[in-house]
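S.K.: one predicted model, sequence on top.
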Amino acid sequence: MPDSANAPQISVILPVHNGESRLEACLDALCAQTAESMEIIAIDDGSTDSSPAILDGYPDPRLTVVHQARSGVWGARITGISLARGEWVAFCDADDIPHPDLYSCLLESARANHAQMAVCAYRRMDARTGNLLAVEMTPRSTTLKPAQDPVGFAAINTALWNKMFRMDAVRSCLAVRGVAGQDKPRLMEDMVLIASTAGRVDQVSFVKEPLYDYFVHPGSSMRTLSASDARTVAQWLKLVREDVSDDVRACVDVMAFVHLGVSAVDNLIRTASRPELNDYLRWVRTTLTRDFPRYTTRARSSTPVILRLRIARAMFRLGLLVPAMRFLDLVTRHANREVKW
């Protein structure tokens, strides 16, 4: 455990792998934060471009740079967490832009609402043009208790970059403690970590203002998700489910449906053959029913995201989810714009 003497309130962990094109702008935005007590831990994860030189030459005493062999974003974040000294921890992607008040507003919201996790709205930006695509995660309430509203918790976007957590909630969760012999998830690792914190988070608070710009890149790694990736994620979620208390297992189950039953299928219809997709659909139906039986838990709140989730569950049960997703994909390609399920 790092020395807590003169520890900052907030530790921001920044994994970097070949991020030279946008890294300096991200660092500028991080170092312009209004939060008074903050450290930035940048993990150079085996970069082969100029990222290491940019990090080493950046002139801010709050920045700590660690160079390590390539281990993936999961490994980079675990390294950052192990070195962090803050009471609170946040994460940033090296090609995005946090707004100046991001971390001060998240900290204020968490403390005011006695929350262990704070979430803000964010802007989806087109990385090619810089145009605004959408503003997302704008809540209708200021707080949420995962044990009382598991569907609401599962409906929160599972990226880490628009969130702040109590450090003890993160360090004690299964995803950070690790599982001997278990392969690291190659994709959906953000979701696995958030699911793993469900049993350590009594309350979530929300900031309605969009305070983070997430840049959407065509051909991201999610487009290469395979059935094997999804099975690794399912193994992790099953272990997470065993590690959390019974009253929050429904959170994990609904998240399993959203990511294995919907997001993975959405990707596989573009990349898998028809027999491969049919095999996956049979597997995911069996897996959800057997290992994540509370995925049908009723929602206690109503938002557009939760409404889409309810529709997706109904279509999944009726066997209509794949045709609906194929139609959305067709609309997306012809309209040349993003259309979500």
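M.R.: Nice, thanks for sending it over.
S.K.: contacts and neighbour counts: CA atoms only from here.
M.R.: Will do.
S.K.: the helices in the chain, which residues?
M.R.: Using DSSP state H, the helices of the chain run over 23-31, 51-56, 72-83, 102-112, 150-154, 167-171, 174-177, 189-197, 227-243, 249-256, 264-271, 274-291, 304-318, 321-335.
S.K.: outside of the fifth one, which residues touch it?
M.R.: Here helix 150-154 makes contact (Cα atoms under 8 Å, 6 or more residues apart in numbering) with 144-146, 248, 250-252, 254-255, 258, 297-301, 306.
S.K.: what does the first one give?
M.R.: Defining contact as Cα under 8 Å, 6+ apart, one finds that helix 23-31 is touched by 40, 51, 54, 60, 94, 95, 96, 97, 98, 99, 100.
S.K.: what pLDDT does the model give the fifth one?
M.R.: What the model reports as pLDDT for residue 94 is 97.
S.K.: for it, what are its contacts?
M.R.: 14, 15, 16, 19, 22, 23, 26, 27.
S.K.: phi and psi next, for the fifth one.
M.R.: The phi and psi values for residue 22, taken as degrees, to the nearest 10, are phi -120, psi 0.
S.K.: leaving out chain neighbours, which residue sits closest to it?
M.R.: Counting by Cα to Cα, 6 or more residues apart in numbering, the nearest residue to residue 22 once its immediate chain neighbours are dropped is residue 95, at 5.0 Å.
S.K.: isn't the one you found up against residue 215?
M.R.: Yes - assessed by Cα atoms under 8 Å, residue 95 is found in contact with residue 215 at 7.1 Å.
S.K.: show me what the longest strand belonging to the chain is packed against.
M.R.: Identified as the longest strand of the chain according to DSSP state E is strand 204-216. On a contact count with 3 or more Cα pairs under 8 Å, 6 or more residues apart in numbering; DSSP states H and E, strand 204-216 meets strand 97-98, helix 102-112, strand 117-126, strand 143-144.
S.K.: now those in TSV, with mean neighbour count?
M.R.: Shown next, in TSV, are the helices and strands packed on strand 204-216 (neighbours: other Cα atoms under 10 Å):
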stretch	mean neighbour count
strand 97-98	24
helix 102-112	20
strand 117-126	23
strand 143-144	20
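S.K.: nearest to residue 134, of the ones you listed?
M.R.: Closest approach to residue 134 among the helices and strands packed on strand 204-216 is made by strand 117-126 (5.2 Å; Cα to Cα).
S.K.: which stretches of this protein have low pLDDT?
M.R.: 1-5, 218-223, 333, 335-341 (pLDDT under 70).
S.K.: next, name the residue at the spatial heart of it.
M.R.: residue 159 (2.1 Å; Cα atoms, centre = their mean).
S.K.: that one contacts residue 191, correct?
M.R.: Yes - using Cα under 8 Å, residue 159 is in contact with residue 191, at 6.9 Å.
S.K.: tell me the domain ranges of the chain?
M.R.: Annotated domains of the chain cover 10-222, 227-335 [automatic domain parsing].
S.K.: deepest in the core, which of those is it.
M.R.: domain 10-222 (a mean of 19; mean count of other Cα atoms under 10 Å).
S.K.: work out the gap between that one and the centre of the chain.
M.R.: 8 Å (Cα atoms, centre = their mean, to the nearest Å).
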